[in-house]
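A.B. asks: structure here, sequence nowhere to be found:
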Ligand code: UD1
């Protein structure tokens, strides 16, 4: 297992190309299974979650080919089969293939995704969506078994909360159902809007993207399509913190200001300057960060996927910062590791209080999940001495060339392959 060795203290300065969004890519790769016509995706990030999803659709018989332009997926001749637990357990998003397979074959058997390090993360809403569209859904021996032999039928679906994944499942299933589907309380995340754009290019008719009400006309006539995915707002937000925490300056090339409004607002409250540049967004840190008060919320609120990174930064701000996590329980696994680096953080249920301003000191730490691990990288950039981060594969799931991009901005970071 690889390690990252980071020696803190360098101010970062440079430009970072922001890759395509992992969380937009995953549902789009799954959506390719809906159509017998080819789909070309031209901005897939080179991260292991995306590789994993491409492998999964390959196991169903989709042909994946790559050239300089992008990745072409041909799902004309896919076969109904069951992919085993070992293949899907690594990634919760593998549940996203359920709806397209059910739509295509009238039946699907997909392993329940494995336990997840950030809480229970049930898939009940995905299953309710498919049941509302007329499928019989059961859990048998660790597998989700869905049956809709007579096809799916359009319906009015009211989600119990704006789940990103359940909205994506509903959208994909509804494009193949007979008649119209109305999805209420839908998620408004840019990745959902981008899935709508991709499905629309493939021939679907969907209204209301970016609002809580989506209207889908079913029985899509599929056509060959090409789609360029949005930039990764979480990667952009992470490098914004890298600039801010080191008092440096980073240009986030390709980043979209409008996807990160709540994040930039929080940065500005901490004394960081953010402005639109020619090629994206420029973030300029400050010597004296101010404490912050953050509550995670569905989009356009502050994203849970950037909570850990901001907590690392709050440990540098003089005074007490407050974090309330409302999306996932148990999303504070970075806290004990940040404490090992010298951070002063008190946890009380979904609330964390960070008393910042004390110097951080390098130590060996353990990556636990994707966003938790990157918060350790950020803290290590300002910790005195050397920090060794183990289990780097968590970072490789969602960050393309993290060590290289940071090194190009002046970080002292080394990847040790073991
Ligand atoms: C997606 C993102 C993830 C991000 C999250 C919230 C992908 C691949 N991942 O995850 O990075 O942190 O959105 O922005 O896009 N829930 C249920 N039952 C369900 C589904 C969800 O109770 O069937 C709950 C979850 O436990 C959680 C909340 O709904 O408390 C929101 O989860 P959801 O929006 O579905 O997250 P994901 O789509 O899994």
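C.D. replies: Ah, there it is. Predicted model only: the values in this text are computed from it and were never measured. Numbering: from 1, shown residues only.
A.B. asks: the ligand versus the residue lying closest to residue 232 once chain neighbours are set aside, what's the distance?
C.D. replies: Using CB to CB, 6 or more residues apart in numbering and skipping the chain neighbours, the partner closest in space to residue 232 is residue 21 (4.1 Å). Every residue, glycine included, has its C-beta placed from N, CA and C. According to CB to the nearest ligand atom, to the nearest Å, residue 21 and the ligand sit 9 Å apart.
A.B. asks: residue 19 too?
C.D. replies: Counting by CB to the nearest ligand atom, the gap from residue 19 to the ligand is 15 Å.
A.B. asks: what's the neighbour count on that residue?
C.D. replies: Neighbourhood size, residue 19 [other CB atoms under 10 Å]: 24.
A.B. asks: not counting sequence-adjacent ones, nearest residue to it?
C.D. replies: Per CB to CB, 6+ apart, closest to residue 19 is residue 45, 3.8 Å.
A.B. asks: what about that neighbour, distance to the ligand?
C.D. replies: 12 Å.
A.B. asks: return the distance of whatever helix or strand residue 352 lives in from the chain's centre.
C.D. replies: When elements are assigned from DSSP states H and E, residue 352 belongs to strand 351-356. Relative to its chain's centre, strand 351-356 lies at 25 Å (CA atoms, centre = their mean, to the nearest Å).
A.B. asks: helix/strand/coil for the residue nearest to residue 19?
C.D. replies: coil (DSSP: H, G, I helix; E, B strand; the rest coil).
A.B. asks: got the contact list for it?
C.D. replies: The contact partners of residue 45, taken as CB atoms under 8 Å, 6 or more residues apart in numbering, are 19, 20, 21, 22, 25, 232, 235, 398, 400.
A.B. asks: residue 337 belongs to a strand?
C.D. replies: No - per three-state DSSP, residue 337 lies outside any strand segment and is helix.
A.B. asks: quick one: it and residue 374 touch, right?
C.D. replies: No - if you go by CB atoms under 8 Å, residue 337 and residue 374 don't touch, sitting 11.6 Å apart.
A.B. asks: thinking again about what came up before, now do the strand holding residue 352: everything it contacts.
C.D. replies: Contacts of strand 351-356 (CB under 8 Å, 6+ apart): 289, 291, 311, 314-325, 332, 335, 343-346.
A.B. asks: who touches the residue nearest to residue 232 in this structure?
C.D. replies: With contact taken as CB under 8 Å, 6+ apart, residue 21 is in contact with 45, 190, 191, 194, 229, 230, 231, 232, 233, 234, 235.
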